[in-house]
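In: quick one: sequence and predicted model below, then my questions.
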Amino acid sequence: MPGMFLLWSHVLPESHITSKFEFTNIKCSSLDEDYSGVDYCYLKSANRSYKYLSIKFNLRKKTISKITRFNGYKPFLYNTTVDVCQFLKNPKSKPIFNYFYGFFVTQSNLNHSCPFDHDLLVDRLTGDFVNHQLTKKLAFPGDDYLMETNWMTYGVSRALVQIYGTLS
């Protein structure tokens, strides 16, 4: 099946195949300052092996209805539009989006249905957690990746988040 990858860890009995994801950059932009603002958006290295990202958007108007465009450096990744409010009512209805949502849901306050009447945040999302999603749940090949989300309401782009990483 396209997009499915098999890792043969038993080819050499004494070998062990491991992968490691690491964040390399993050960019957050408010595209409509009247609608939302970026309070913070950063990567932090606590030490050589522990790096995490944190994001906080201040919502000045409290309605979010769509999130669009998952894209990346590789053409086999996804470019899709999802109505967030409908998705949150039934996450199983969009399995691909649900997979990517699983990258950050436990580290965010985006885990409830609409409306959003508070600031949006992702707090201390670690590379190790993303690594588990990319290598244990669904195998991805090693390479550089970009996860881009374009947050929209009423057909207008309001914010853009770009998360860069490498899987080696």
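Out: Perfect, thanks for sending it.
In: any idea where the helices of this protein begin and end?
Out: For the chain, the helices defined by DSSP state H occupy 84-89, 95-101, 127-132.
In: would you tell me which one of the ones you listed is buried the most?
Out: Among these, ranked by average contacts under mean count of other C-beta atoms under 10 Å, first place goes to helix 127-132 (a mean of 18). Every C-beta, even on glycine, is put in place using the N, C-alpha and C of the backbone.
In: and it, how far out from the chain middle?
Out: In terms of C-alpha atoms, centre = their mean, to the nearest Å, the centre of helix 127-132 is found 11 Å from the chain centre.
In: also stretch 42-62?
Out: Computed by C-alpha atoms, centre = their mean, the chain-centroid distance of stretch 42-62 equals 12 Å.
In: what sits up against it?
Out: In this structure, residues lying in contact with stretch 42-62 by C-beta atoms under 8 Å, 6 or more residues apart in numbering are 22-23, 25-26, 28, 30, 34-41, 115-128, 153, 159, 161, 163.
In: excluding its backbone neighbours, what's nearest residue 103?
Out: In space, residue 103 comes closest to residue 133 once its chain neighbours are excluded; the distance is 5.2 Å by C-beta to C-beta, 6 or more residues apart in numbering.
In: buried ones in stretch 32-41, by neighbour count?
Out: For stretch 32-41, the buried set under the neighbour-count rule, 16 or more other C-beta atoms under 10 Å, comprises 35-36, 38, 41.
In: so what touches that stretch?
Out: Defining contact as C-beta under 8 Å, 6+ apart, one finds that stretch 32-41 is touched by 26-30, 54-61, 119, 151, 153, 156-159, 161.
In: wait, isn't residue 125 in contact with residue 104?
Out: Yes: assessed by C-beta atoms under 8 Å, residue 125 is found in contact with residue 104 at 5.4 Å.
In: just give the number of residues close to residue 92.
Out: 7 (other C-beta atoms under 10 Å).
In: do the same with residue 54
Out: 17.
In: how near is it to residue 43?
Out: Going from residue 54 to residue 43 by C-beta to C-beta, to the nearest Å gives 8 Å.
In: then residue 49?
Out: Note on residue 49: its distance to residue 43, by C-beta to C-beta, is 14 Å.
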